[in-house]
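Student: Pasted the sequence and its predicted model underneath.
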There are 2 protein chains.
Amino acid sequence: MPMKLDIAQRLSQYRSVLYKLKALGFVRVFSDNLGDALELSPALVRKDFSLFHLTGNKRVGYQIDDLLAKLNRLLGKDKTQKIVIVGCGKIGQALMSYSGFAREGIQVVAGFDTNPAVINPHAPLPILDLKEFGPFIKREGIRIAIMAVPDNAAAQVLDVLRGSEIRGVLNFAPVPLRGGDHCIIRNINIGLEIENLFYHVKFSGKLGGRTP
Amino acid sequence: MPMKLDIAQRLSQYRSVLYKLKALGFVRVFSDNLGDALELSPALVRKDFSLFHLTGNKRVGYQIDDLLAKLNRLLGKDKTQKIVIVGCGKIGQALMSYSGFAREGIQVVAGFDTNPAVINPHAPLPILDLKEFGPFIKREGIRIAIMAVPDNAAAQVLDVLRGSEIRGVLNFAPVPLRGGDHCIIRNINIGLEIENLFYHVKFSGKLGGRTP
DNA sequence: TCGTTGTTGTGAAATGATTCACATATCTTC
DNA sequence: GAAGATATGTGAATCATTTCACAACAACGA
């Protein structure tokens, strides 16, 4: 059960497949190649593209380079995307050295914490006091933050982020947070994901059954 | 934009707010209380419940304890859910000591790795050689694993998991993996989530626009 | 006891997402 | 340069999800 993706996520996936095809030497691609690679119908691929005015040519398909250029612009991949990490405990620090970011053009520019023991403004990747959050974000023009704080601190820390120029938050605290008008929150609750897996494994596919 | 949840995820959420209400002293709850708490329509809450034969009483609402007992059974929360973690690098180790699991009745029983430097079968939470994976899983009756391995190892490691009794995998490697008939995979690609946030922040809500 | 109030449970309606199907355009070959 | 083959782009049809709307029923008050 490959977890239904929304259109924005599909755009990212198209992009990733296109890079692979390009590396393999392909120059053009058809909607059914992409469909096969991602288990989507070719019609959906074309609908998605047409929604964003990504056009191809009949009989000839889509030019990979052209598509990639447009997708990269659409997804903001034409410039480095700067983010900060709030909460530098185990998970926060693991994310600070996560190699998957660089590959995606994402740069972690600083960490923030309230614990003096981890604060270190002069490290190559500085960890600053949460007090300095607002001004730093403003000065550096950061819009996106990752929150990896203990659940009991989550609400308070969120207030700090919401009082800043931050517009999007990826939250790893096991507390579902609610954004506001000008701040989008994406909650990743690992415990919940596991719970969900148990559920799907239990009812592999078929729904609505009572426990036997 | 609170990211559309599927019905299984909603069940988990109902459970979580029911616990909060119960802690507050509530005994009964109405579909619109739950709707308000989760930003869902009360009708959807009732539809969800009715699909799983979770019944209430007209004019009186739902009994929280009853609902929780049924939800817990449905979600497998009536017994401890055992999992293992494959890949004990930074992220793997952060997850091994992640406090969110215990609270959800999830128990990490072992880690696996191929690097002799981190293998330690006698630690309180043992880290074993990946070679022992299959037999261990079988002996302990584990069905779910978390994969936190480098992307270049992901495919190989997945083969090991698929050759075992594992039926569900939560994958943190930045490579989208495909399950098979008897193995469900949930990919969590942190880079991609960030990419997505940038996208949603860029088009806060309105879709389909061309870049100005 | 009987009306009034408030909430469930669920068909029917509305909305949203995906697939179908085909007219249209481009390449290829003869 | 005409005929044939193949892929796009999209309106219409289908399928899935969510909301509406209301009958049926339980509690309460007079």
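Tutor: Arrived safely.
Student: Tell me where the model's unsure across chain A.
Tutor: Applying pLDDT under 70 to chain A picks out residues A:1-2, A:205-212.
Student: elements contacting the longest helix that chain A contains?
Tutor: When chain A is parsed with DSSP state H, its longest helix is helix A:7-23. Taking 3 or more CB pairs under 8 Å, 6 or more residues apart in numbering or on different chains; DSSP states H and E as contact, the helices and strands that helix A:7-23 lies on are helix A:31-38, helix A:42-51, helix A:64-74, helix B:190-202. Using the backbone N, CA and C atoms, a C-beta is placed for each residue, glycine as well.
Student: quick check, that helix touching DNA strand D?
Tutor: No - shown here: helix A:7-23 not in contact with DNA strand D (CB under 7 Å from any atom of the strand), separated by at least 12.1 Å.
Student: List the buried residues in that helix.
Tutor: A:A8, A:Q9, A:R10, A:L11, A:S12, A:Q13, A:Y14, A:R15, A:S16, A:V17, A:L18, A:L21 (16 or more other CB atoms under 10 Å in any protein chain shown).
Student: hang on, the earlier thing: how about the helices and strands packed on helix A:7-23 in a markdown table, adding distance to DNA strand C and mean neighbour count?
Tutor: Listed next are these as a markdown table, based on distance: least, CB to the nearest atom of the strand, whole Å; neighbours: other CB atoms under 10 Å in any protein chain shown:
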| stretch | distance to DNA strand C | mean neighbour count |
| --- | --- | --- |
| helix A:31-38 | 8 | 18 |
| helix A:42-51 | 4 | 16 |
| helix A:64-74 | 14 | 17 |
| helix B:190-202 | 13 | 20 |
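Student: want to try a markdown table for these, with distance to DNA strand D as columns?
Tutor: Converted to a markdown table, those look like this (distance: least, CB to the nearest atom of the strand, whole Å):
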| stretch | distance to DNA strand D |
| --- | --- |
| helix A:31-38 | 4 |
| helix A:42-51 | 4 |
| helix A:64-74 | 10 |
| helix B:190-202 | 18 |
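Student: would you list those helices in TSV and tack on distance to B:A154?
Tutor: Compiled in TSV, the helices and strands packed on helix A:7-23 are given as follows (distance: least, CB to CB, whole Å):
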stretch	distance to B:A154
helix A:31-38	17
helix A:42-51	25
helix A:64-74	23
helix B:190-202	14
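Student: For the nearest residue in space to A:V86 that is not next to it in sequence, which three-state class applies?
Tutor: Nearest residue to A:V86, sequence neighbours excluded (CB to CB, 6 or more residues apart in numbering or on different chains): A:F112, at 4.7 Å. On the three-state scheme (DSSP: H, G, I helix; E, B strand; the rest coil), A:F112 is labelled strand.
Student: Name the helix or strand for the residue positioned nearest the centre of chain A, please.
Tutor: Closest residue to the average C-alpha location of chain A: A:L170 at 7.7 Å, with CA atoms, centre = their mean. A:L170 belongs to strand A:168-171 when assigned by DSSP states H and E.
Student: Mind listing residues that contact that strand?
Tutor: Contact partners of strand A:168-171, identified using CB atoms under 8 Å, 6 or more residues apart in numbering or on different chains, comprise A:143-147, A:154, A:158, A:161, A:177, A:179, A:183-188, B:190, B:193-194, B:197-198, B:200-201.
Student: again, but for stretch A:16-31
Tutor: Contacts of stretch A:16-31 (CB under 8 Å, 6+ apart): A:33-34, A:37-38, A:42-43, A:45-46, A:49, A:56, A:60-65, A:67-68, A:71, B:176.
Student: cool, stretch A:128-138 as well?
Tutor: Outside stretch A:128-138, the residues touching it (CB under 8 Å, 6+ apart) are A:84, A:86, A:110-114, A:119, A:121, A:142, A:145, A:157, A:160-161, A:163-166.
Student: Near DNA strand D, which residues of chain A are found?
Tutor: A:30-32, A:42-43, A:46-47, A:49-50, A:55-62.
Student: switch the cut-off to 6 Å
Tutor: Applying CB under 6 Å from any atom of the strand, we find that chain A lies next to DNA strand D at A:30-31, A:42-43, A:46-47, A:49-50, A:55-59, A:61-62.
Student: Spatially, which two of these are the most separated?
Tutor: Using CB to CB, these reach their maximum pairwise distance at A:K47 and A:R59, which is 19.1 Å.
Student: show me what contacts A:R59?
Tutor: Contact criterion CB under 8 Å, 6+ apart gives no residues in contact with A:R59.
Student: now it: how far from A:R28?
Tutor: As for A:R59, its distance to A:R28 is 11 Å (criterion: CB to CB, to the nearest Å).
Student: Go through the helices and strands packed on helix A:7-23 and name the closest to A:I91.
Tutor: The nearest among the helices and strands packed on helix A:7-23, by CB to CB, is helix B:190-202 at 10.6 Å.
Student: between the closest one and helix A:64-74, what angle do the directions make?
Tutor: Angle, helix B:190-202 to helix A:64-74, by axes from the mean of the first three to the mean of the last three CA atoms, to 10 degrees: 70 degrees.
Student: Could you list the residues in contact with helix B:190-202?
Tutor: Residues from elsewhere that reach helix B:190-202 (CB under 8 Å, 6+ apart): A:8-9, A:11-12, A:74-77, A:81, A:83, A:95, A:98, A:100-101, A:103-104, A:106, A:143-144, A:146, A:167-170, A:184, A:186, A:188, B:1, B:172, B:174.
Student: how's chain A carved up into domains?
Tutor: A:7-74, A:81-193 (automatic domain parsing).
Student: among those domains, which is the most enclosed?
Tutor: domain A:81-193 (a mean of 18; mean count of other CB atoms under 10 Å in any protein chain shown).
Student: Between the two ends of it, what distance do you get?
Tutor: The straight-line separation of the ends of domain A:81-193 (CA to CA, to the nearest Å) is 27 Å.
Student: How about stretch A:163-183?
Tutor: By CA to CA, one end of stretch A:163-183 lies 10 Å from the other end.
Student: and it, how far out from the chain's middle?
Tutor: In terms of CA atoms, centre = their mean, to the nearest Å, the centre of stretch A:163-183 is set 14 Å apart from its chain centre.
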